Structure formats: C-alpha cells, structure tokens
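> Build me a structure from this.
(2 chains)
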Amino acid sequence: MAQAARKLGILISVDPEHSNFHRGLQLATAALNAKTEVYLYCLDDAVKGVNDDRVQTLRGHGLRLFACAFACQRRKIVPGENALYGGLTMLNDVMAATDRFVSFN
Amino acid sequence: MEELFDEIIEEAKSTKSKSKLLVIVDADPRTNPRAAEALRMAGGVSVWGQVAISVVLRDAAARALGAGARELLDGKMFGQFVPMVRESGGQVYLMPDAGAMEEVDTGELLGNVLKEPEFATLTAKFDYVMRF
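The predicted structure follows:
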C-alpha cells in the first residue's frame, strides 16, 4: 500500500525582494523534489509575490498556493486566479493539517 | 464514570493533536506595522482552536500593551487581537525594554513578564517558533 505523502506548511510574510522570500521558495522547491506536498501561505508583504514567476513555476510543479485576502485588500491588489485567496482560517488549516510548519518572516 | 472516561479521552486527544506555536514579536510598533500584523495573525489563527498559540512581546513591541497602544501603527488591532489570543487559552508574555516598561500597564506587568532564562525555557516547550 502506498504511503501518504508528507505535508509541509510554509508561511512567508516578507516582500518578494527580501532574501527570506527566496529562502522560503528554495525550501518549497526542495520539498517538492522530495515528493512532499507543499502548502504555501503568503501573508502581509509576501502577497506582492503571488504572481512572481518563481512562485508560479512552483505552482506548476504542484505547490498549493494561498494568499491573505486582507493583506491584498490593504495593498490594493486584486485577487486573481494565481492563488487561493482567503482569511486566517486558511493559515490555521495549513498549520494544523501539515506534518511540519516553517515560517520565513 | 463513563462520562469522566470520555472527557479524559477527549482532552488527551485535543492536547495531543494541537501544535504549539510561539510568536515572538520584536518589531517596534511605533514604526513598523508588522507588530500589529503578528498579533492579528496570532489572534486570528488561535480563535479556531486547532493550534495553541502564545505570544512574547519583546523590547519596544511590549508597547502594544501600553496606555497609548491605540495611537501606534494599526493600534486598534492590539486591543482586538490580544484578548483573542488569551480567550483562546494562549498567553501573552512581556519582555519590555526600559522605554516600554514605562508605557506598559502595571496590571499587565504582573505575572506576564519573562526574564531571559525563562524565555529560553519557554521556547523549548513549543513545536514551532515564529519571529516578527
């Protein structure tokens, strides 16, 4: 019987120009390569990076991408189809339902 | 007796399944809106009861529990989300610097202040530690 894939939750809250944003994506890349399910939640300034090519490329490789709707509203970012937008209940689910959780702030 | 047994089992289940997260805030709320965002996140997640969240307000961040907290960046969030963390069973600890010590309400200082050794011990008790 096949074993269920491990689940990794990642929170990023910094601007896409910040080095920690890049580090978060590097971790996501490594985890996806290891056949881990990766759930990434973008909070605060990180919502500016949802349409970033690096993020969307990872999404194409199976990354589950979520973004804070409140943070988008405050930054006048119009939610599109490149991520699932929602409130902190989604972040709660990412934290509670994954095997490991890591944040980059 | 059966009810008591069920209660014990339920409690054991809920304690076992909950991840424990410590949010350390050291952003200065006078100049950085991330302090309020950190508390919004802590309150907004803890209210769902699936993750046990406590908060440490370090240095200038302790001003979030001061008399002038509403005047800080996104200050109304402090009054909204600090109680939410506590009502969900979490603790809000303080490690104020000298300036913040003068601002923080005396009632908040009683029983909520941590010293460095206690802080180190506390961090080891959590599954995850997050810093803003």
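> Could you point out the helix or strand that follows the least confident helix or strand in chain B by mean pLDDT?
Lowest on mean pLDDT, DSSP states H and E among the helices and strands of chain B sits helix B:2-17, with a mean of 57. Moving toward the C-terminus from helix B:2-17, the next helix or strand (DSSP states H and E) is strand B:19-25.
> What pairs with that next one, parallel or antiparallel?
Strand pairing for strand B:19-25, determined by DSSP bridges: strand B:51-58 (parallel), strand B:128-131 (parallel).
> what pLDDT does the closest residue to chain A within chain B get?
Residue nearest to chain A within chain B: B:G44 (3.4 Å; Cβ to the nearest Cβ). Bear in mind the C-beta positions are built from the backbone N, C-alpha and C, glycine included. Note on B:G44: pLDDT of 97.
> Could you give the number of residues near the closest residue in space to it that isn't next to it in sequence?
Spatial nearest neighbour of B:G44, excluding adjacent residues (Cβ to Cβ, 6 or more residues apart in numbering or on different chains): A:L88 at 3.4 Å. Neighbourhood size, A:L88 [other Cβ atoms under 10 Å in any protein chain shown]: 22.
> Look up the pLDDT of A:L88 for me, please.
pLDDT for A:L88: 97.
> what's the answer for B:L109, then?
You'll see B:L109 listed with a pLDDT of 87.
> Identify the residues contacting it.
Shown in contact with B:L109 (Cβ atoms under 8 Å, 6 or more residues apart in numbering or on different chains): B:94, B:96, B:101.
> what kind of secondary structure is the last one in?
Following DSSP: H, G, I helix; E, B strand; the rest coil, B:M101 is assigned to helix.
> Get me the contact residues on chain B for chain A.
Contact residues (Cβ under 8 Å from any Cβ of the partner chain) of chain B with chain A: B:18-19, B:21, B:34, B:37, B:40-41, B:44-45, B:48, B:50-51, B:127-128, B:130-132.
> what helix or strand does A:D93 sit in?
Residue-wise, A:D93 maps onto helix A:88-97 under DSSP H and E.
> To clarify, my last question referred to B:F126.
Under the criterion of DSSP H and E, B:F126 resides outside all helices and strands.
> who in chain A is up against chain B?
Chain A comes close to chain B at residues A:11, A:13, A:43-44, A:87-89, A:91-93, A:95-96, A:101-103, A:105, as judged by Cβ under 8 Å from any Cβ.
> ok, 7 Å please
Residues of chain A that fall close to chain B, judged by Cβ under 7 Å from any Cβ of the partner chain: A:43-44, A:88-89, A:91-92, A:95-96, A:101, A:103, A:105.
> Buried among the residues you listed? Need that as a selection in PyMOL.
This is how PyMOL selects the buried members of the residues of chain A next to chain B, with burial counted by 16 or more other Cβ atoms under 10 Å in any protein chain shown:
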select buried, chain A and resi 43+44+88+91+92+95+96+101+103+105
